[in-house]
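[1] whatever this is, show me its structure:
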Amino acid sequence: MDDRFAGVRAEVARQLQAGLRPSIQVAVDWRGERVLDFADGPDATPDSSYVLWSSTKPFIAVALLQLVEEGRASLDDRVSQHIPEFGNGGKERATLVHVLSHRGGFPDSTPEIRREVGLRTGDWSAALAYVCQLPAIWEPGRDRGYHPSTGWYVLGELIQRLDGRPLPEVLRARVLEPAGIEPDGFSLGEPERLRQPPMTVHTNGERMAPPESEARYWNDPRTHRAVIPGGGGIARANQVVKLYRALLAGGEGPNGRLLSREMVRTATFPHAVGTIDRTFQSDIPWALGFHLKHVRPSLDDCGDSATPGTFGHGGHFLVNTAWADPARDLAVCILSNGLAPARPGLRGVNRLSQSILDAVDAR
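    Sure, this is the predicted structure:
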């Protein structure tokens with residue numbers, strides 16, 4: 001297959017030369033075979049580790065859905081049944097499914113909230129307490145808006161209370177090991193486990209690009225040690241695709257089952273679609289911890305020709321992405337360490353995804 005991916009390599013080289021990203025790492029699993037695993041850019045290899053940002057979220061969702069399957073909670077349970085201090089300020093009716101599909105009503109809706117959450121990332125109890133006291137800005141379930149961080153502290157705490165172990169330990173036992181992810185291939189708050197330290201995050205300095213302070217935050221060792229369930233994962237692309245391969249296989253990983261086939265279908269079903277997402281001001285279909293192929297191709301990160309059942313999650317407004325196209329039996333992960341303006345970044349990731357689809361379809 002390697003010769004078939006010449007277009008992918010060319011697109012990576014073009015984006016590096018244009019200054020969109022300093023390095024890019026790509027892994028592709030097609031029909032259960034690793035058909036592409038490479039990186040380009042200074043010091044980048046397939047063994048390099050990258051900050052995942054929001055591409056972390058599916059790992060959290062799978063762990064919680066596994067606990068639901070075991071009967072420790074129901075998707076229709078109110079969050080306050082398990083986290084009583086959450087049930088205030090109009091959030092009392094928020095259910096697990098509401099929070100998983102960004103309908104909980106307490107998004108990171110202002111710079112002040114984002115700053116306050118960021119200041120508490122090194123202290124789990126403080127971050128959770130801050131999120132629990134936030135008032136709802138809409139009745140849970142009645143509207144939707146992406147919750148980058150707030151909802152994921154709640155989901156992470158649900159996992160800890162239902163399982164009884166710290167979140168990183170739960171992820172290792174319930175998600176990473178069954179999926180066959182190597183012990184040094186993924187970290188949430190445990191950077192010492194990684195084969196290599198994460199690649200340094202850079203911003204390209206263009207107008208509308210994230211500021212240098214954002215890059216410094218994600219390069220800070222304290223951030224790497226913090227358990228940030230909505231975006232603190234660090235991994236290699238060739239390990240992330242293993243999660244998606246297991247989901248494509250009906251929830252069965254090489255070392256055990258993650259989810260039942262029925263729960264995989266529930267997790268990747270469009271639970272929130274057809275209305276405008278308040279955060280993105282567009283109709284982005286949400287499943288449970290995953291986003292789906294978008295209504296408008298211009299917003300996709302999985303390639304314009306991805307089939308409608310495609311599911312996955314991007315990171316930091318599409319610096320990174322990982323997705324699976326069930327109709328093609330295809331799992332993809334694209335990682336980078338370069339912050340850029342959102343729209344050019346999104347277009348760049350989508351072009352890379354489309355070049356992968358083109359290569360597979362040509363084969």
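[2] quick one: the strands in this protein?
    Counting by DSSP state E, residue ranges of the strands within the chain are 24-30, 33-40, 50-51, 186-188, 202-203, 233-235, 252-253, 256-257, 291-292, 311-315, 320-325, 330-336, 338-339.
[3] quick one, which of those is packed in tightest?
    Among these, strand 330-336 has the highest mean neighbour count (mean count of other CB atoms under 10 Å), at a mean of 30. Every residue, glycine included, has its C-beta placed from N, CA and C.
[4] strands paired with it, and their directions?
    strand 24-30 (antiparallel), strand 320-325 (antiparallel) (DSSP bridges).
[5] neighbours of residue 358, how many?
    Per other CB atoms under 10 Å, the neighbour tally for residue 358 reads 17.
[6] hang on, the earlier thing: compare the strands paired with strand 330-336 and give me the one nearest residue 173.
    Counting by CB to CB, residue 173 lies closest to strand 320-325 out of these; the figure is 21.3 Å.
[7] using PDB, write down the CA coordinates of that closest one.
    Coordinates of the C-alpha atoms in strand 320-325 are reproduced here as PDB (Å, rounded to 0.1, in the frame of the first residue of the first chain):
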ATOM      1  CA  ASN A 320      -5.500  16.800  15.500                       C
ATOM      2  CA  THR A 321      -8.200  14.300  14.600                       C
ATOM      3  CA  ALA A 322      -9.000  10.600  14.900                       C
ATOM      4  CA  TRP A 323     -12.000   9.000  13.100                       C
ATOM      5  CA  ALA A 324     -13.400   5.700  11.800                       C
ATOM      6  CA  ASP A 325     -15.400   5.200   8.600                       C
END
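[8] distance to residue 138 and mean pLDDT added to the strands of the chain, as TSV?
    Listed next are the strands of the chain as TSV, based on distance: least, CB to CB, whole Å; pLDDT from 0 to 100:
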stretch	distance to residue 138	mean pLDDT
strand 24-30	38	98
strand 33-40	42	96
strand 50-51	31	98
strand 186-188	30	98
strand 202-203	33	96
strand 233-235	29	98
strand 252-253	37	98
strand 256-257	37	98
strand 291-292	20	94
strand 311-315	23	96
strand 320-325	28	97
strand 330-336	33	98
strand 338-339	30	96
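[9] re earlier: need the strands paired with strand 330-336 in JSON lines with distance to residue 13, can you?
    Shown next, in JSON lines, are the strands paired with strand 330-336 (distance: least, CB to CB, whole Å):
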{"stretch": "strand 24-30", "distance to residue 13": "9"}
{"stretch": "strand 320-325", "distance to residue 13": "19"}
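[10] what's the closest of those to residue 40?
    strand 24-30 (5.9 Å).
[11] could you give the angle of that closest one to strand 33-40?
    Orientation check (axes from the mean of the first three to the mean of the last three CA atoms, to 10 degrees): strand 24-30 against strand 33-40 gives 170 degrees.
[12] what residues does strand 24-30 touch?
    Outside strand 24-30, the residues that touch it by CB atoms under 8 Å, 6 or more residues apart in numbering are 1, 5, 8, 12, 15-16, 34-41, 44, 46, 48, 50, 236-238, 240-242, 244-245, 328-336, 352, 356, 360.
[13] output it as PDB, nothing but the C-alphas.
    Below are the C-alpha coordinates for strand 24-30, written out as PDB (Å, rounded to 0.1, in the frame of the first residue of the first chain):
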ATOM      1  CA  ILE A  24       2.600  15.900  11.400                       C
ATOM      2  CA  GLN A  25       2.100  12.200  12.300                       C
ATOM      3  CA  VAL A  26      -0.300   9.900  10.500                       C
ATOM      4  CA  ALA A  27      -1.500   6.400  11.200                       C
ATOM      5  CA  VAL A  28      -4.000   4.500   9.100                       C
ATOM      6  CA  ASP A  29      -5.600   1.100   9.900                       C
ATOM      7  CA  TRP A  30      -7.500  -0.400   7.000                       C
END
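[14] start to end distance for stretch 126-144?
    26 Å (CA to CA, to the nearest Å).
[15] centre of the chain to it, how far?
    21 Å (CA atoms, centre = their mean, to the nearest Å).
[16] now do it, average pLDDT.
    Mean pLDDT, stretch 126-144: 97.
[17] can you pull up the most central residue in the chain?
    residue 55 (1.9 Å; CA atoms, centre = their mean).
[18] wait, isn't residue 185 in contact with residue 195?
    Yes: when contacts are counted by CB atoms under 8 Å, residue 185 is listed as touching residue 195 (7.1 Å).
[19] looking at these two, which has the bigger crowd around it?
    residue 185 (22 against 13).
[20] contacts for the top helix by length along the chain?
    The residue-count maximum for a helix in the chain (DSSP state H) belongs to helix 342-362. Applying CB under 8 Å, 6+ apart, the external contacts of helix 342-362 come out as 1, 4-5, 7-8, 10-12, 15, 20-21, 24, 26, 28, 30, 36, 206, 208, 299-306, 314, 317-321, 323, 325, 328, 330, 332, 334, 339-340.
[21] again, 6 Å this time
    Helix 342-362 is touched from outside by 4-5, 7-8, 11, 15, 20, 28, 30, 300-305, 317-318, 321, 330, 332, 334, with contacts defined as CB atoms under 6 Å, 6 or more residues apart in numbering.
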